[in-house]
Each structure stands twice: as C-alpha cells, then as structure tokens.
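> this is the structure alone, sequence omitted:
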Ligand code: FEO
C-alpha cells in the first residue's frame, strides 16, 4: 500500500518521464529537419524509452493500489543553436531526472516503503547508464567539432554508439 506522499511523488515522476518523452521527440524532430538522421533516430528511440519509463511507473502505482494520473504535457523547446546544445540540454534534463529518482528513493525509505524503494532501483541503474551515454556522446561531439564535415561525422558517430548501446541492452 502506498502512502499518499509516495503516491503523489510517483505521479510527479510519471509527469516528468512523460515530459522527457516529449522533449526528446522535439529534439528528434529538430535533428530530422537538419538532415541529422543518426541523431534523429537516437532521440526518437529515446522518446519511446521515456514513454516506457512513464508506463512502468503508471502500472506500478495502479498495481500497488494507488491511482496513476495521466499528466498534461508541456510544450517542449523546438529550436536549438546546434547539435551540441541538443545533447547538452538532454544531458542536463537527465541529471534532473536522476536527482528526482534519488529523492523518490529517499522518500520511500523515510516512509518505510521497501517495495517502492526496491522498484525504483531499476530507475537508479537506468539513469546511471543514460548519464554515462550522454557524457560519451557529448565528449565525442566536442572531439569531432561542428566545423566542416564535423556534423556528418558526428551524425555517423551517434548512430554507431546508439546501435552499440542498443545491442548491449538486447543481450542483458
Ligand atoms: Fe526516464 Fe531518462 O529519464
């Protein structure tokens, strides 16, 4: 049984994951319009993953006897200065999500809700992986640079890293 505090916090997390999905969809869309198909695919996939994160929380709340709330979605930013800014914005958002998950774990422990704390461990691990992935991608973008054919190589590099990451996920 969820305490009201934990249920409310889980519903806020549902909203955060839903909004993350929209943000990454807007980033995918921006990349698509700049002919950055590798980056676009990366963000389309990430948008789907965030929706899955939202649904996983939604089912957990309902299965635990609470009431999941479907969130209103905020209009995401549609314009970015360049592709490095896109990835840095996404990374910054992931850091906020990680902090929010950590706060949720702390709340569950304070409320002596071991089941929720245990359930959230999956999100703790997921955030760790996502942050590491974004750091790798941003480092690679900085290394290649945005000048000349840089964008072409960045787009290929993102596609390669993204595919390697998906393959690693598949064998887990
Ligand atoms: Fe589900 Fe990466 O936040």
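Thanks, I have it. This one's a predicted model, so the numbers in the text were calculated from it and none came from an experiment. Numbering: from 1, shown residues only.
> buried residues of the helix or strand of the chain with the lowest mean pLDDT, list them for me.
Least confident element among the helices and strands of the chain, by mean pLDDT, DSSP states H and E: helix 150-170 (a mean of 89). Of the residues in helix 150-170, 151, 154-155, 157-159, 161-162, 165 count as buried by neighbour count, 16 or more other Cβ atoms under 10 Å. In short, each C-beta sits where N, CA and C put it, glycine included.
> which of these lies closest to the ligand?
The nearest member of those to the ligand, counting by Cβ to the nearest ligand atom, is residue 165 at 13.3 Å.
> possible to save the buried residues of helix 150-170 as CSV with distance to residue 90?
Converted to CSV, the buried residues of helix 150-170 look like this (distance: Cβ to Cβ, whole Å):
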residue, distance to residue 90
151, 17
154, 14
155, 16
157, 16
158, 12
159, 16
161, 14
162, 13
165, 14
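> take those residues and lay them out in JSON lines including distance to the ligand.
Shown next, in JSON lines, are the buried residues of helix 150-170 (distance: Cβ to the nearest ligand atom, whole Å):
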{"residue": "151", "distance to the ligand": "25"}
{"residue": "154", "distance to the ligand": "22"}
{"residue": "155", "distance to the ligand": "22"}
{"residue": "157", "distance to the ligand": "21"}
{"residue": "158", "distance to the ligand": "17"}
{"residue": "159", "distance to the ligand": "20"}
{"residue": "161", "distance to the ligand": "16"}
{"residue": "162", "distance to the ligand": "15"}
{"residue": "165", "distance to the ligand": "13"}
